[in-house]
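Colleague: mind looking at a prediction? Sequence and model below.
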Amino acid sequence: MEANDVARYLKQNPRFFEEYADAIADIFVPHPHGGHAIPIAERQIVTLREKNTDLENRLRDMIRFGGENDQISERLHRSTLALIAAPDLETTLQILYHSLKEDFRVPQVSCRLWGKVPEQSYLPELAAASQELRDYAHKLGTPYCGRTPPFESRDWFDSGQDCQSFAFLPLRTAYTFGLLGLADEDAERFHSGMGTVYLTRLAELASVATSRYLPPA
């Protein structure tokens, strides 16, 4: 008889444990963490304790993640209110950068905007962007996270050569008109496997906030 046959029989005949309770009490099995043998009933208790510990750890993680998500939502809400009240493009960008640096601890933030830009504007965000970069932003369906900045974008950041991870968010409404870049010296801050839900919301918020002050293309 194979072990699987025994397991199948016991599952199909639960009264076995009632009829042979004395025999079960005499069965000893190895302790799961080594050492002496223990009764099978005690082995079940150990298993239940381990499962209970695992469930408690999962519950603590869920509570912690829920708290962190609440904090992120609150920060985004504050940023939204401040951006709505911004009177011009320069103030909008200052609020956006300040929120990312202070609320979300992103050390390096920059962006480029293109299309029809306001005349007599000297903002560095309105400096010329290569056609390759514009095409890249246009094709970017979701935020990019990784270690390779596209084209000339590394030069946007102070100490850009020291940055090891990047996130790039397309700015678009009816059309793509810019690219928001985040950078960090921590190589694991922005990586390809991370979730991008909040980055997507941030891209949408930044897009609506900045597009108000850019003439239609």
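Modeller: Perfect, I can see it now.

Colleague: which strand or helix spans the residue most central in space within the chain?
Modeller: Nearest to the mean C-alpha position of the chain, counting by C-alpha atoms, centre = their mean, stands G195 at 3.3 Å. Using DSSP states H and E, G195 sits within no helix or strand.

Colleague: how's the chain carved up into domains?
Modeller: Following automatic domain parsing, the chain resolves into domains at 1-85, 107-211.

Colleague: could I get the phi/psi values of the nearest residue to M194 once chain neighbours are set aside?
Modeller: Closest residue in space to M194, ignoring its immediate chain neighbours: C145 at 5.5 Å, by C-beta to C-beta, 6 or more residues apart in numbering. Just so you know, the C-beta spots here come from the backbone N, C-alpha and C atoms, and that holds for glycine as well. C145 adopts backbone torsions of phi -130, psi 130, taken as degrees, to the nearest 10.

Colleague: partner residues bridging C145?
Modeller: A167 (DSSP bridges).

Colleague: list the contacts for it?
Modeller: S165, F166, A167, F190, H191, S192, M194, T196, L199 (C-beta atoms under 8 Å, 6 or more residues apart in numbering).

Colleague: 6 Å instead, please
Modeller: By C-beta atoms under 6 Å, 6 or more residues apart in numbering, C145 lies in contact with A167, F190, H191, S192, M194.

Colleague: tally up the residues packed near the nearest residue to the fourth one once chain neighbours are set aside, please.
Modeller: The shortest distance from S192 to any non-neighbouring residue, by C-beta to C-beta, 6+ apart, is to G146 (5.2 Å). For G146, the neighbour count with other C-beta atoms under 10 Å is 14.

Colleague: related to what we said a few turns ago, single out the most deeply packed of the domains of the chain.
Modeller: domain 107-211 (a mean of 16; mean count of other C-beta atoms under 10 Å).

Colleague: backbone phi and psi for R105, please?
Modeller: Per-residue torsions, R105: phi 60, psi 40 (degrees, to the nearest 10).

Colleague: give me the pLDDT for it.
Modeller: We have a pLDDT of 90 for R105.

Colleague: may I have the secondary structure class of L182?
Modeller: Judged by DSSP: H, G, I helix; E, B strand; the rest coil, the three-state class of L182 is strand.

Colleague: beta partners for it?
Modeller: The partner residues for L182, given DSSP bridges, come to V109, A167.

Colleague: surely it and F168 touch.
Modeller: No - in this structure, L182 is not within contact of F168 by C-beta atoms under 6 Å, at 7.7 Å.

Colleague: about what we covered before: for the residue nearest to the centre of the chain, give me the pLDDT.
Modeller: 86.

Colleague: contacts for stretch 82-97, please.
Modeller: Residues contacting stretch 82-97 (C-beta under 6 Å, 6+ apart): V109, A206, A209, T210, Y213.

Colleague: looking at those residues, which are in strands?
Modeller: V109 (DSSP state E).

Colleague: perfect, that will be all.
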